[in-house]
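Q: Structure for the following, please:
(one chain, ligands or ions: 2)
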Amino acid sequence: MNTKNSMQLAKAALILLAAATFSSTLPAQVVITYTNGGASVYEPYNSVVSATDAANQGVSTFGTLTQTSGSALFGSQLNILNDGIVFSPVIYGTADRGNTAFSFTPSDGSVIEFTFTSAQSVGSINTFAMSGPGQLRSAQNYGLEYLSGSNWTSLFSSLNTNAPGNLNAGNTTTWVNLDFSGFAGGSLDDVTALRFTFQNVGGNESLYREIDVNAIPEPSTLILLSVALGGIILFRRRCS
Ligand SMILES: [Ca+2]
Ligand SMILES: [Ca+2]
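A: Residues are numbered from 1 along each chain as shown. Ligands and ions are numbered 1, 2, ... in the order given. So this is what the prediction gives:
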């Protein structure tokens, strides 16, 4: 190969490397989907939600759920958010699906934090709200941040209240899905805490019923270390 060809090859390799570096540094997008049943169709009584997700009460990965700012309105309760139930006619009766006693109803600007007992690899999050017929209370709006190491990072500052089914377009959104599969490796990694900031919907009347965090624990540094040590020992044995 002559010098000119070598130079052209090197140049092409540099362009490819730059393109690869650029594409790998593009910001990942959280894909947000709003589920609704259609006009005047509300969350069914027997909603499919998880009682075993990473943030559920009694699951080993769940650390704490605390409200760090604002208040729970109308006699609502924070621990409704991770008991595995959107609504149960057996437990609550069918008289009023919009009953605030069976919800967490945050004041405008309320902040809650989930912590985990170990770093999590988060694939998706589902948030559920519920209302009685003709009410605004199933509409949702919040911002989301996550903690990795000692750094909080904002994923988005608010939901789209004009999305089909949300506040300004039918009021029947009851299920919001946050999909992190666009992130490197297909998940949002090294998450030790999540912070939700709730915004005013319908005069602070969103009746949140459940937050499901679908995640798996990160491989511990101990496992990584033992794998690395095993590799070194194997390499030395093969070389000797
Ligand atoms: Ca759950
Ligand atoms: Ca619940």
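
Q: Identify the bridge partners of the spatially most central residue of the chain.
A: Closest to where the C-alpha atoms of the chain average out (CA atoms, centre = their mean) is I125, at 3.3 Å. Beta-bridge pairing of I125 under DSSP bridges involves L178, V213.

Q: ditto for the one 4 residues further on
A: As for beta bridges, A129 partners with Y208 under DSSP bridges.

Q: Also Q67?
A: I112.

Q: any idea how far ligand 1 is from the residue in the chain positioned nearest to ligand 2?
A: Minimum separation of the chain from ligand 2 (CB to the ion) falls at E210, amounting to 3.8 Å. Glycine gets a C-beta too; all of them are placed from N, C-alpha and C. According to CB to the ion, to the nearest Å, E210 and ligand 1 sit 5 Å apart.

Q: R209 reaches G84, doesn't it?
A: No. R209 is beyond contact range of G84, at 10.4 Å (criterion: CB atoms under 8 Å).

Q: Looking at the two, which has the bigger crowd around it?
A: R209 (26 against 16; other CB atoms under 10 Å).

Q: Next up, the contacts around the more buried one.
A: E43, I80, L81, I85, V86, F87, F102, S103, F104, F128, A129, M130 (CB atoms under 8 Å, 6 or more residues apart in numbering).

Q: Could you pick out the one among these with the lowest pLDDT?
A: Within those, the minimum per-residue pLDDT falls on E43 (60).

Q: L81 contacts L65, doesn't it?
A: Yes. At 6.6 Å, L81 and L65 qualify as touching, with contact defined as CB under 8 Å.

Q: burial count for A28?
A: Quick note: A28 (other CB under 10 Å) scores 12 neighbours.

Q: Grab the nearest non-local neighbour of it.
A: Leaving aside its sequence neighbours, A28 sits nearest to F183 (CB to CB, 6 or more residues apart in numbering; 4.3 Å).

Q: how close does the one you found get to P219?
A: For F183, the distance to P219 equals 17 Å [CB to CB, to the nearest Å].

Q: likewise L65?
A: Taken as CB to CB, the span from L65 to P219 is 25 Å.

Q: quick one, which of the two is more surrounded?
A: L65 (18 against 11).

Q: what's the more buried one in contact with, if anything?
A: A55, L78, N79, L81, N82, I112, E113, F114.

Q: Between all of the residues you listed, which two are at the greatest distance?
A: Using CB to CB, the contacts of L65 reach their maximum pairwise distance at N79 and E113, which is 13.8 Å.

Q: Could you check which of these two is surrounded by more residues?
A: When neighbours are counted by other CB under 10 Å, N79 and E113 differ, and E113 comes out ahead with 17 against 9.

Q: Can you pull the phi/psi pair for the closest residue to the more buried one other than its chain neighbours?
A: The spatial neighbour of E113 that comes closest, neighbours along the chain excluded (CB to CB, 6+ apart), is R195 at 4.9 Å. Here is the backbone geometry of R195 (degrees, to the nearest 10): phi -130, psi 120.

Q: Just the residues contacting the host helix or strand of G143, thanks.
A: Assigned by DSSP states H and E, G143 belongs to strand 142-148. Outside strand 142-148, the residues that touch it by CB under 8 Å, 6+ apart are 119, 122, 125, 127, 152-159, 178, 188-199.

Q: C-alpha coordinates for it, CSV please?
A: Extracted in CSV, the C-alpha atoms of strand 142-148 (Å, rounded to 0.1, in the frame of the first residue of the first chain):
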residue,chain,number,x,y,z
TYR,A,142,-45.2,15.2,36.9
GLY,A,143,-41.5,15.5,36.4
LEU,A,144,-38.9,12.8,37.0
GLU,A,145,-35.3,12.7,38.2
TYR,A,146,-33.1,9.8,39.1
LEU,A,147,-30.1,9.4,41.5
SER,A,148,-26.9,7.7,40.3
